[in-house]
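1. sequence and predicted structure below; questions after.
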Amino acid sequence: MAEPEQRLLMLIDDEPAQSRLITALAAREGWRVLVVDEAEKAIATLGTRQGMQLSAIILDQWVPGDRACELIAELKERRPAMPVLMLTASTSPLLAVEAMRAGATDYLVKPVAPERLMQALRNATTRESPRDELTPLTEKMPATLDFDAMVGTAPPFRDALAKAAKAARGHGPLLIEGESGTGKEMLVRAMQAASPRAKAPFRMINIGGIPASSLESLMFGHEKGAFAGAFDRQVGALQNCDGGTLVLDEVDRLSIDLQDRLAEALQTGQVRPIGARHSFKVDVRVISASNLPLADLVATGHFRAELFETISRTTITLPPLRDRNGDITALTRHFLARIAEQPGLRQMGITDGALNLLAAFDWPGNVRQLQAVLFRAAVFCDGDALTAQDFPQLSQILGDMTGATQSVSEAAGVQLYSDDGNLRPLEDIEADVIRLAIGHYRGRMTEVARRLGIGRSTLYRKLSDLGIDNAA
């Protein structure tokens, strides 16, 4: 059944080809698109009858140029509740920060994948649950390329890293499974950096973001005249990555026909472009990534068993964040340190109250969502440390946290900040450290002193000065 009323999207864009593409994509989701090619016209449109019917705005940064953030602010001033998405070719974190502060709902980097664009529109206009407001923004922080950047001590996570470090030295097919946002791409890049093929050709293909009609040619290549529109010969990714590595993200979305072709290519080491009379011998390592367990898809007939057996000889599974809750504090501090390195942002701490809030959430978007939520909070925080008040969407979802007794003391260590975000006095922190050590080592004072790096007499003097009962 058709929707009784289509949503109206205003696209501020002066590129006809891009406007046609976005219009076509939005139409799939039931949107009507009003294209405006100038900032002044966009402002004027808000006051028209059509402007009153708008549900969202997409702004190509190229139109107003350096005044993009000013235009966003003006649009939000006139329509505070209107979602505004900025489309840009820039990967500058500073621009992302400025756009968010101006009121942008999301920040999309060109060329944007169709599904990413549609998901951004869905999230911006869905009001059923505040959970949707936690969708990651595209804050383009540079990815670190080693295993040391993979933060976490949970046994399933460390087992996955150990297996990946060993597999990085190999050359055979590899499958990485895990929910969206668990860190599959980061793990792939860490493995590539540690691989003997580190300096060889490397390419990642997001299968879900490429039209099915183009995917076969992209992967296998084609000869000139092989089909209508094939005006030139194209070398496929498998052949281009000869001697190197090809990553197929969202391999679970590969069509059955292409699954058969890929299985044959991997088993024979031969790639035949569309329309070619002969095959090419290639040496390429294929790493596949899937958000869904492929074994389940094989059981239901949605994935070829032959391809599954070929690509899953080594399988690494990254656990969801909800299964490694104890890592949230370490991840939070790691992300805050990385966020502080971005232009326009600064170093800040986080209170135990805020950590309790983060630990209580189940993070359906996993590590990527945690990073995006921290990024957004850091952009708007005026204090020296993030408090629970800096995460209003989480508070709204979880309700009153006063009844939530879950403690993060083991993960967080000693509380450094008071509830108002200010640092606690040094003697209070020192007293807590000593109490923690006494409890941890069950009152064995010699061991407590040794672990704290002080003498027993110094320890007892501190107990007296700080008013600590050594039986605590």
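-> Perfect, thanks for sending it.
2. got a list of what the residue nearest the centre of the chain touches?
-> By CA atoms, centre = their mean, the mean C-alpha position of the chain lies nearest to R368, the distance being 3.2 Å. For R368, the contact set (CB atoms under 8 Å, 6 or more residues apart in numbering) comprises P136, S180, G181, T182, G183. Every residue, glycine included, has its C-beta placed from N, CA and C.
3. and A437, by the same measure?
-> V448, R451, L452.
4. please repeat the previous calculation with a cut-off of 10 Å.
-> Shown in contact with A437 (CB atoms under 10 Å, 6 or more residues apart in numbering): R444, M445, E447, V448, A449, R451, L452, L459.
5. ends of stretch 201-211, how far apart?
-> 24 Å (CA to CA, to the nearest Å).
6. okay, domains of the protein per the record?
-> Following the assignment in automatic domain parsing, the chain carries domains at 7-127, 155-317, 426-466.
7. where do the helices sit along the stretch 1-150 of the chain?
-> Per DSSP state H, counting those that start in this stretch, the stretch 1-150 of the chain carries helices over the ranges 16-28, 39-46, 68-78, 93-102, 114-125.
8. check the stretch 201-350 of the chain too.
-> Going by DSSP H, counting those that start in this stretch, the stretch 201-350 of the chain shows helices at 212-220, 237-240, 256-268, 294-299, 305-311, 328-340.
9. check which residues of the third one are buried.
-> Right, the one you point to is helix 256-268. L258, Q259, R261, L262, A263, E264, A265, L266 (16 or more other CB atoms under 10 Å).
10. I'd say R116 and G209 touch.
-> Yes: contact criterion CB atoms under 10 Å: R116 and G209 qualify, at 6.9 Å.
11. got any ranges where the protein has weak pLDDT?
-> For the chain, the stretches with pLDDT under 70 are 1-5, 93, 126-146, 400-421, 439-440, 442, 469-472.
12. the same query, at a cut-off of 50, please.
-> 1-4, 127-140, 400-412, 471-472 (pLDDT under 50).
13. which ones are touching I287?
-> 167, 173-176, 184, 187-188, 191-192, 195, 202, 204, 245-249, 251, 311, 314, 316.
14. 7 Å instead?
-> I287 makes contact with L174, I176, V188, T245, V247, according to CB atoms under 7 Å, 6 or more residues apart in numbering.
15. bridging residues for it?
-> Here I287 sits in beta bridges with L174, V247, going by DSSP bridges.
16. roughly how far does it sit from P320?
-> Look at I287 and P320: by CB to CB, to the nearest Å, they are 20 Å apart.
17. how about R189?
-> For R189, the distance to P320 - CB to CB - is 20 Å.
18. correct me if wrong: Q53 contacts L9.
-> No: using CB atoms under 7 Å, Q53 is not in contact with L9, being 10.4 Å away.
19. pick out whichever of these two has more residues nearby.
-> Neighbours were counted for Q53 and for L9 using other CB atoms under 10 Å; L9 has more, 24 against 14.
20. correct me, but the more buried one touches G30?
-> No: the criterion here is CB under 7 Å, and L9 misses it with G30 at 10.3 Å.
21. related to what we said a few turns ago, among the domains of the chain, which is nearest D382?
-> Among the domains of the chain, the nearest to D382 by CB to CB is domain 7-127 (11.7 Å).
22. what about the closest residue to G275 other than its chain neighbours, how many residues close to it?
-> Among residues not flanking G275 along the chain, A226 sits closest, at 2.7 Å (CB to CB, 6 or more residues apart in numbering). By the measure other CB under 10 Å, the count of residues near A226 is 16.
23. try V298
-> V298 has 17 nearby residues by other CB under 10 Å.
24. tell me the contacts of it?
-> A305, F308.
25. mind telling me what element the closest residue to P196 other than its chain neighbours is part of?
-> In this structure, P196 finds its nearest non-sequential neighbour in R169, 6.7 Å apart by CB to CB, 6+ apart. Using DSSP states H and E, R169 maps to neither a helix nor a strand.
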